[in-house]
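Engineer: Return a 3D structure for these sequence lines:
(3 chains)
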Amino acid sequence: MEFLSNTARDLFPLVWSGMITGCLYALGALGLVMIFKSSRVVNFSHGNVAGFAAFLIYGFSSGVLLELSWGMAVLLTVMAVIAIAFATYAVISPLVFESDLTATIATLGVGLIAQGATLLIFGADIVNLDLPVPRFSMSVLGLLVTGYDLTVLSVAIVTIGALFIVIDYTKLGIAFRAISENPFAAEVCGLNLRSVHLFSWIVAAVLGVVGALLIVPTTFLSVTTVATFMLQAFAAAVIGGFASLPGSLIGGILIGVLMNLFTFYVSPEFSSTFLLGVILLALNIFPNGILQRVGGSRV
Amino acid sequence: MSDQNIAFESPATKLQQILGGNLTSGMLTFGLVVVLCVLPLFVGGSWMFSLGICFANSIGVLAVSTLVRYGGEVSIGHGFFAAIGAYSVAVLDTRYGLSILVSLPLALTLGVASGVLFAWPSRKLSGIYLAVSTMALALAVPEMINNADGLTGGYEGLYVSQPAIAGIKMSFQRYYAALIVLIAVVYALARLRQSRQGLTLLLSKAHPAAADAFGTRKDWARIVVMGISGGIAALCGAMLGFAGSTVSPSGFTLWASIFLLVGSVVSFYGLTLVRALVGGAFLTLIPQFLSASGAWIPVLYGLALLGVILFGHYLPRIKDRIAERKGGLT
Amino acid sequence: MNVAVKALKGEEISLSFGGIKVLQGLDVEFRAGEITGLIGPNGAGKTSLFNCLTGAYSPQSGSITYAGDVLDGLSPAARATKGIVRSFQHVALSPDLTVLENVMVGVARNFHAGWVHAFLPTLRARNEQAAMRASAMDALQELGLAKVADKFPTELPPGMQRLVEIARAIVGKPDVLLLDEPAAGLNNSETRDLMRSLKNLAATDLVMVVVEHDMDLVMSICDRIYVLNFGEIVACGSPQQVRNNDDVVRIYLGSDDD
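Structural biologist: Residues are numbered from 1 along each chain as shown, chains lettered A, B, ... in the order given. Now for the predicted structure:
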């Protein structure tokens, strides 16, 4: 009896907060998967560029670089990030058509540059980035729900909802789907691969900024915060099969909950090892992701 | 997948054909070995120390390049295998007072074993999927070391002080041990290229189905290459520990693994002594020159990585263009 | 009589993909000392049968034996160690290896020096490599390729690459040699050279099977020919018999003339 009530007391808040962070992992994972689906490149610079963006917002709003309102700082940063995505794609696009592995290594180079740029401009110190998140908390069925939780949830739902609408109904979204199904056929049909690639790189970058911003209130902002966060996003993408947008959403939430349960019940000191185990298991047991139906395949 | 691997390799292969005249490169290597052997007579202690680390890093670069050349795969997790080698040396040194004469073979064995152990579950993975799982491997390393602090000394690390041969100045030992291991690895890799196993591995990389039809299974090839590469990486770690005299988790982060890949790319995945030294020097000497402004290191490495990859991409095209123009004139 | 002649046999081989029957209970026998052709229009099941023989596909029913040895369920690698080798329709040579080295891979399965010998200059390693080199050189000589031994495959014209591949297949002295469209992509003179080489290769203890589109080649080098259509054997016999078979004529010339 006591065990049950203990479980209820611990478990539900753990699952709830895991789902909240999981939404953020999903935002990161969606970006990785969009780029992978359209151009077969794993963007290892995702975390570092998003981290750089978080620092830019800090810099634009705190007076380190500029002293703008929070909204203006975000707007300016999003523009900067789009420019970075554009530049990145411009550099690696010739490689994308040659070899996915070479292009993937090239993104490591971009990640290193982003990391170095962050260090050069903002230093290695921890900074405080406050977000205008409503500060309140209420108890729902014994569960403590905070303003931060609701903000994350609503932002995630709106962003992901908008993304799915764009992909399902706009011309660019349809082209994106066609190209991720079969790039060759899509190109034969007159679709422009490059513009779709660019679309996915830009969308991914913006998703990365959103995810990075929302994760910062749970911790502090340092040069490694966001990069570390994005590793969970990688795990989420892998669980989702790396090529499925709904899969990475579920993968993100799964990772969020599992990580919470693992750190609480097993050990907080082995979280990366746990992630390694999860990634290896997921890659080997569900190489096509958890959403892939098991079915007959041709030899 | 195999087709992409060929494409991924071709610029480097072409480059090797352009750069590598057999006779001259043999003489160059011999000359280099001679110079490196007598160098300690002319340079000071701090240079010898840096060069020792440089040789160790060159071994790590070779480990990654071996995986690329023979497996067609990329790893950003070789820091894991290096850590295994480094801690084999450091733990035997501090806990049992044993020198590298004992711990180096152990490091090699454990490196090969862990390479095989890692490759076994992921033997069906290739390309970016393998790269992502190696990344997860690299990430888990510092945490594992810190949590096994009873053995590894945790965050503070361990000090390596046992001489390999008593009575010789330690600074000389650090330099020459690393140099000898580096030359041994280069030599062993040159033998592998001629061997039956090396030939079948290279066919398996390009055409797994063809290798299969001649008795070499793809899974076997993957596991073997990972084992060899893991063993070399462990030697790198062991030499980093011995030549650098300290071993701590901060040396085996994800960044360390990524840097090894950077070194490998910068050396055009070369398996020769010269190429390995280029990669190792890039990883060792640049941070030294930039020690005053450390933030420039990632920027520079990133630029070098992009620069070399783009160079490798455009060079064959530029050559074709030049050849075309020449053809047009005659 | 059959006791003396070794043969690769398939009995009642059936294969289907997702309900589509590709092979419908085929009985085939490929005898040593003969070159057997496997022809038929596109989609007739030639390549599927070929892949069943090499072990790339596992037929749903039926059995494949060589000299009474059951091969069912063995991987291509395991069949290779039993002396059953193949060539590939798309040239599958390593661009990192020279022509000679590519051919050496074909004989690798007959050597067993361990890993120590792969990394150290042991006597056994040297002997093994020398022996592999010598057999590879013999095979290249047999096909008239000795002069390009040290070139890389990408430096050769497609026809020569194809011959290198055949050299790799024969170097290990196989018992069964399966050739998948050896003349694909070759010009006329290259095809003639290939035909001469294949005829020279035929030996009393070698089972040779050729899947091919080129009718002239098949008709002139094969001792026996199987004609497949819709997964069934339409005809079987000597080139002369096949040429005069009404069903075969109809398949190849179209059914509008009856």
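
Engineer: And the contacts of the helix or strand harbouring residue C:38?
Structural biologist: Per DSSP states H and E, residue C:38 falls inside strand C:35-39. Under the criterion Cβ atoms under 8 Å, 6 or more residues apart in numbering or on different chains, residues C:30, C:46, C:49-50, C:198-199, C:202, C:207-213, C:215, C:218, C:221-228 lie in contact with strand C:35-39. Yep, even glycine has a C-beta here, placed from its N, CA and C like the rest.

Engineer: can you give me the helices for the stretch 101-250 of chain C?
Structural biologist: C:115-119, C:123-142, C:158-170, C:188-201, C:215-221, C:239-243, C:246-253 (DSSP state H, counting those that start in this stretch).

Engineer: er, the stretch 201-330 of chain B I mean
Structural biologist: B:208-213, B:218-244, B:254-266, B:273-289, B:296-329.

Engineer: looking at the ones you listed, which is closest to chain A?
Structural biologist: Chain A sits nearest to helix B:296-329 of all those, at 3.2 Å, using Cβ to the nearest Cβ.

Engineer: which helices and strands sit right next to that closest one?
Structural biologist: Counting contacts by 3 or more Cβ pairs under 8 Å, 6 or more residues apart in numbering or on different chains; DSSP states H and E, helix B:296-329 is packed against helix A:70-96, helix A:100-122, helix B:2-19, helix B:254-266, helix B:273-289.

Engineer: Residue numbers of the stretch 101-250 of chain B in contact with chain A?
Structural biologist: Within the stretch 101-250 of chain B, the positions adjacent to chain A are B:121-122, B:124-125, B:127-129, B:131-133, B:135-137, B:139-140, B:142-144, B:146-147 by Cβ under 8 Å from any Cβ of the partner chain.

Engineer: Now, those residues that are in helices?
Structural biologist: Secondary structure from DSSP state H places B:127-129, B:131-133, B:135-137, B:139-140, B:142-144, B:146-147 of these in helices.

Engineer: Residue C:180 and residue B:65, how far apart?
Structural biologist: 34 Å (Cβ to Cβ, to the nearest Å).

Engineer: actually residue B:294, sorry about that
Structural biologist: Taking Cβ to Cβ, one finds residue B:294 at 26 Å from residue B:65.

Engineer: got it, and residue C:158?
Structural biologist: Taken as Cβ to Cβ, the span from residue C:158 to residue B:65 is 31 Å.

Engineer: The two - which one has more neighbours?
Structural biologist: residue B:65 (28 against 13; other Cβ atoms under 10 Å in any protein chain shown).

Engineer: dump the residue contacts of that one.
Structural biologist: B:264, B:267, B:269, B:270, B:271, B:275, B:276, B:279.

Engineer: In a markdown table, list the residues you listed along with pLDDT and neighbour count.
Structural biologist: Formatted as a markdown table, the contacts of residue B:65 follow (pLDDT from 0 to 100; neighbours: other Cβ atoms under 10 Å in any protein chain shown):
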| residue | pLDDT | neighbour count |
| --- | --- | --- |
| B:264 | 93 | 30 |
| B:267 | 91 | 26 |
| B:269 | 91 | 26 |
| B:270 | 90 | 23 |
| B:271 | 92 | 21 |
| B:275 | 92 | 24 |
| B:276 | 94 | 29 |
| B:279 | 94 | 30 |
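
Engineer: Those residues of chain C touching chain B, which are they?
Structural biologist: Near chain B, when you scan chain C using Cβ under 8 Å from any Cβ, you find C:54, C:56, C:75-77, C:80-81, C:85-86, C:88, C:92-97, C:101-102, C:104-106, C:108-109, C:111, C:113, C:115, C:117-121, C:125, C:128-129, C:132, C:152, C:168, C:172.

Engineer: Show me the subset of these that also lies near chain A.
Structural biologist: Okay, of the residues of chain C next to chain B touching chain A (Cβ under 8 Å from any Cβ), that's residue C:56.

Engineer: pLDDT below threshold where in chain C?
Structural biologist: For chain C, the stretches with pLDDT under 70 are C:1-4, C:253-258.

Engineer: Using CSV, write down the CA coordinates of the strand holding residue C:38.
Structural biologist: Taking C-alpha atoms only, strand C:35-39 is exported to CSV below (Å, rounded to 0.1, in the frame of the first residue of the first chain):
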residue,chain,number,x,y,z
ILE,C,35,28.9,-24.9,-70.3
THR,C,36,25.2,-24.5,-69.6
GLY,C,37,23.3,-21.4,-70.7
LEU,C,38,20.3,-19.9,-69.0
ILE,C,39,18.3,-17.7,-71.3
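
Engineer: tell me the angle it makes with helix C:246-253.
Structural biologist: Here the directions of strand C:35-39 and helix C:246-253 differ by 60 degrees (axes from the mean of the first three to the mean of the last three Cα atoms, to 10 degrees).

Engineer: Pick the one among the contacts of residue B:65 closest to residue B:70.
Structural biologist: For the contacts of residue B:65, the residue nearest residue B:70 by Cβ to Cβ is residue B:271; the value is 9.1 Å.

Engineer: So which residues on chain C come close to chain A?
Structural biologist: Residues of chain C lying near chain A (Cβ under 8 Å from any Cβ): C:17, C:18, C:56, C:57, C:58.

Engineer: distance between stretch C:124-144 and the chain's centre?
Structural biologist: From the chain centre to the centre of stretch C:124-144 is a distance of 21 Å (Cα atoms, centre = their mean, to the nearest Å).

Engineer: Residues in contact with that stretch: which ones?
Structural biologist: By Cβ under 8 Å, 6+ apart, stretch C:124-144 touches B:191, B:194-196, C:99-101, C:103-104, C:106-108, C:111, C:113, C:117-118, C:146, C:148-149, C:163-164, C:166-168, C:170-172, C:193, C:197, C:200-201.

Engineer: For ChimeraX, write a command that selects the buried ones of those.
Structural biologist: Of those, the buried ones can be selected in ChimeraX as follows, counting by 16 or more other Cβ atoms under 10 Å in any protein chain shown:
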select /B:191,194,195,196 /C:99,100,101,103,104,106,107,108,111,113,117,118,148,149,163,164,166,167,168,170,171,172,193,197,201
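
Engineer: quick one: contacts for residue A:223?
Structural biologist: Contacts of residue A:223 by Cβ under 8 Å, 6+ apart are A:51, A:55, A:115, A:118, A:119, A:122, A:124.

Engineer: please redo it, this time with the cut-off set to 6 Å
Structural biologist: A:118, A:119, A:124 (Cβ atoms under 6 Å, 6 or more residues apart in numbering or on different chains).

Engineer: Could you give the number of residues near the last one?
Structural biologist: The reference is to residue A:124. 11.

Engineer: How about it: what's its closest non-neighbour residue?
Structural biologist: Nearest residue to residue A:124, sequence neighbours excluded (Cβ to Cβ, 6 or more residues apart in numbering or on different chains): residue A:223, at 5.8 Å.

Engineer: follow-up on the earlier one: can you put the contacts of residue B:65 in CSV and add distance to chain A?
Structural biologist: CSV is the format used below for the contacts of residue B:65 (distance: Cβ to the nearest Cβ, whole Å):
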residue, distance to chain A
B:264, 10
B:267, 14
B:269, 11
B:270, 16
B:271, 18
B:275, 17
B:276, 18
B:279, 14
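
Engineer: Which of those sits closest to residue A:137?
Structural biologist: Closest approach between the contacts of residue B:65 and residue A:137, by Cβ to Cβ: residue B:264, at 50.9 Å.
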